[in-house]
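**Q** Sharing a sequence plus its predicted fold:
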Amino acid sequence: MESRLRATGAAERPDLEGVIGTFTPDRPDVGARPRRTAGTGRVLLGCLAGIVLTAVALTVAWWPRTEVTYRSTAPAEPVYDDRSPHYLGLVREQTLSGRQSYRMVVGRYPGVAYGHWVDVDNAWGAEGIESTTWTEAGVRVRFRTGHEVFVPARFFLHGR
């Protein structure tokens, strides 16, 4: 009988029932488990995308847009130590979120993008500047609210 099994090849055949049983859905305890890394990767990718989109949205909403609402140029007299013309500007910064602030800039650049910055109260800035008086000691700014700010010349001379 052993020779007949060898002749038919029955002894060499694998146990197909055992192999088929490990991959059948009616035996969930045996077989390949589902990959969990694909789900975790998607969650991490979603979190990262959410963080990036939030950062971009906040940057756009808080990015300031500037507008010069008042300009003044120093007269020919007095002549300051650095022998340069000087300018004063009231700059309003406003964001898309509605936040706004005011700064006064005094310096040598007519675009008032660089110089000595002085933060101004929002109420003063919204009302605007009434007048500027340039002296050898500095510049006096009078706001329409009645407030005055004096900026000494040493703070805006020589390109500061």
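**A** Structure received. Fair warning: this is a prediction, and the values are worked out from it, not measured in the lab.
**Q** contacts and neighbour counts: CA atoms only from here.
**A** OK.
**Q** Strands of this protein, residue ranges please.
**A** All strands of the chain, identified by DSSP state E, fall at 65-73, 87-94, 100-107, 116-120, 129-135, 138-143, 148-152.
**Q** Now do stretch 53-69: distance to the chain's middle.
**A** Distance of stretch 53-69 from the chain centroid (CA atoms, centre = their mean, to the nearest Å) equals 7 Å.
**Q** returning to what we had before: how about the strands of the chain in a markdown table, adding mean pLDDT?
**A** Compiled in a markdown table, the strands of the chain are given as follows (pLDDT from 0 to 100):
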| stretch | mean pLDDT |
| --- | --- |
| strand 65-73 | 94 |
| strand 87-94 | 95 |
| strand 100-107 | 95 |
| strand 116-120 | 96 |
| strand 129-135 | 97 |
| strand 138-143 | 97 |
| strand 148-152 | 97 |
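**Q** With mean neighbour count and distance to Gly39 added, can I get those in a markdown table?
**A** As requested, these are exported to a markdown table (neighbours: other CA atoms under 10 Å; distance: least, CA to CA, whole Å):
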| stretch | mean neighbour count | distance to Gly39 |
| --- | --- | --- |
| strand 65-73 | 15 | 42 |
| strand 87-94 | 21 | 43 |
| strand 100-107 | 22 | 44 |
| strand 116-120 | 17 | 51 |
| strand 129-135 | 17 | 61 |
| strand 138-143 | 18 | 62 |
| strand 148-152 | 15 | 62 |
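**Q** how about those in JSON lines, adding distance to Val43?
**A** Converted to JSON lines, these look like this (distance: least, CA to CA, whole Å):
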{"stretch": "strand 65-73", "distance to Val43": "36"}
{"stretch": "strand 87-94", "distance to Val43": "37"}
{"stretch": "strand 100-107", "distance to Val43": "38"}
{"stretch": "strand 116-120", "distance to Val43": "45"}
{"stretch": "strand 129-135", "distance to Val43": "55"}
{"stretch": "strand 138-143", "distance to Val43": "56"}
{"stretch": "strand 148-152", "distance to Val43": "55"}
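**Q** what about this protein, any weak spots by pLDDT?
**A** 1-38, 160 (pLDDT under 70).
**Q** Just give me the residue right at the centre of it.
**A** Centroid-nearest residue in the chain, with CA atoms, centre = their mean: Thr59, separated by 3.5 Å.
**Q** Leu96 versus that one, what's the distance?
**A** 10 Å (CA to CA, to the nearest Å).
**Q** next one: Gly107
**A** Gly107 is 28 Å from Leu96, by CA to CA.
**Q** Around Tyr114, count how many other residues there are.
**A** Tyr114 has 14 neighbours, counted by other CA atoms under 10 Å.
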